[in-house]
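Visitor: Give me coordinates for this.
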Amino acid sequence: MTEITHWHWIGFILCILFFIALDLGLFHRRARVVKFKEALAWSTIWIALSLLFAGALGHWRGREEAEEFVTGYVIEFSLSLDNIFVMALLFAYFRVSEEARHRLLFWGVLGALVMRGAMIALGVTLIQSFNWVLYVLGLFLVFTGGRMLFAGTEKTQPETSFAIRLARRFFPAATHAENQNHTTPETGIGGLSPAPVLLVLALVEITDLIFALDSIPAVFAVTTRPFIVFTSNVFAILGLRSLYFVLVGAINYFRHLKTGLSVVLVFVGVKMLLDPHGHEPKWFQLEIPTSVSLLVVAGIFLISIALSVTAARREKNARPRMDTDGHR
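Guide: Next up is the predicted model:
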């Protein structure tokens, strides 16, 4: 088995930077509205690249690490969907133009890659230095998943969030974003106030940071190998931008997704508590194979989507009958 060296890390990062530069410099040089078919094509491409990488990883490092990558990718991918819906609320609240959203998401994804890389490095260092951190992360995931599960289904109100209230205190002029300028000639710090689009970008980064606090520990429940954790995160994040334009018009069809994601967090948290990847101390150990974890996570994810779509269709079919009865 070939050992992973710093050259593999450098090569992977350079390839990712090349694809990002190709995307922004060639395919999306100008801000424009991204159509559904184009976004679906790009989402398919990123998923296909992820599967190709998993295949190459299996040939290069073995089946176990390939399964760990796919499981981590599925966990990150599913948890990213909730992130998409929050970003959609932010864009609607600040009235970000359709043309500006793609470029805004691009820089948001770029910042997310840097932040998550730093968080993964910190997490790996803590786990290697203090084995009990895995149990703390497991308890945190179980608590977070349980809180999400019993929190109810009320809709998120962006204006009530701490980040937006804090930003409006310092930058009251930032009410909506209709262009991509970063400064406006209004009163503020130094005579300039950040344009709303920069405020939205900061909120997108903060949102991803909050979601990363759940998603990164969830991947550590599958593997503590830094290269697997990092690459699964990167591929999930890179597909996030195009996936936004695929799903933004179908948010109502995913009403049970948050429940499914809550169950996923509880499951991976329990797995981390029962199966600490060979780390000590081992108060109680029950090894859950990675293949089983993949099937469970994917099954929960697909079932929550199926229930959401079924509920939305039933509600849609019930409306004509209600209108007819009301007319009578």
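Visitor: Give me the buried positions along stretch 92-102.
Guide: Residues of stretch 92-102 classed as buried under the neighbour-count rule (16 or more other CB atoms under 10 Å) are 93, 94, 96, 97, 99, 100, 101, 102. Just so you know, the C-beta spots here come from the backbone N, C-alpha and C atoms, and that holds for glycine as well.
Visitor: Show me the shaky parts of the stretch 51-200 of the chain.
Guide: Scanning the stretch 51-200 of the chain for pLDDT under 70 picks out the ranges 152-197.
Visitor: the strands in it, which residues?
Guide: 183-184, 193-194 (DSSP state E, counting those that start in this stretch).
Visitor: coming back round to it: can you lay out the buried residues of stretch 92-102 as a markdown table showing distance to residue 111?
Guide: Listed next are the buried residues of stretch 92-102 as a markdown table, based on distance: CB to CB, whole Å:
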| residue | distance to residue 111 |
| --- | --- |
| 93 | 20 |
| 94 | 18 |
| 96 | 17 |
| 97 | 20 |
| 99 | 20 |
| 100 | 16 |
| 101 | 16 |
| 102 | 15 |
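Visitor: from those, which is closest to residue 8?
Guide: Proximity of the buried residues of stretch 92-102 to residue 8 (CB to CB) peaks at residue 102, which lies at 30.9 Å.
Visitor: Quick check: the closest one vs residue 91, distance?
Guide: Residue 102 sits 11 Å away from residue 91, going by CB to CB, to the nearest Å.
Visitor: State the mean pLDDT of the helix with the most length in the chain.
Guide: Longest among the helix segments of the chain by residue count, using DSSP state H, is helix 290-327. Mean pLDDT, helix 290-327: 77.
Visitor: Which other helices and strands does that helix contact?
Guide: For helix 290-327, the contact count by 3 or more CB pairs under 8 Å, 6 or more residues apart in numbering; DSSP states H and E identifies helix 63-93, helix 257-274 as packing neighbours.
Visitor: relative to helix 63-93, how tilted is the shortest one?
Guide: Yep, that's helix 257-274 we're talking about. 140 degrees (axes from the mean of the first three to the mean of the last three CA atoms, to 10 degrees).
Visitor: No further questions, thank you.
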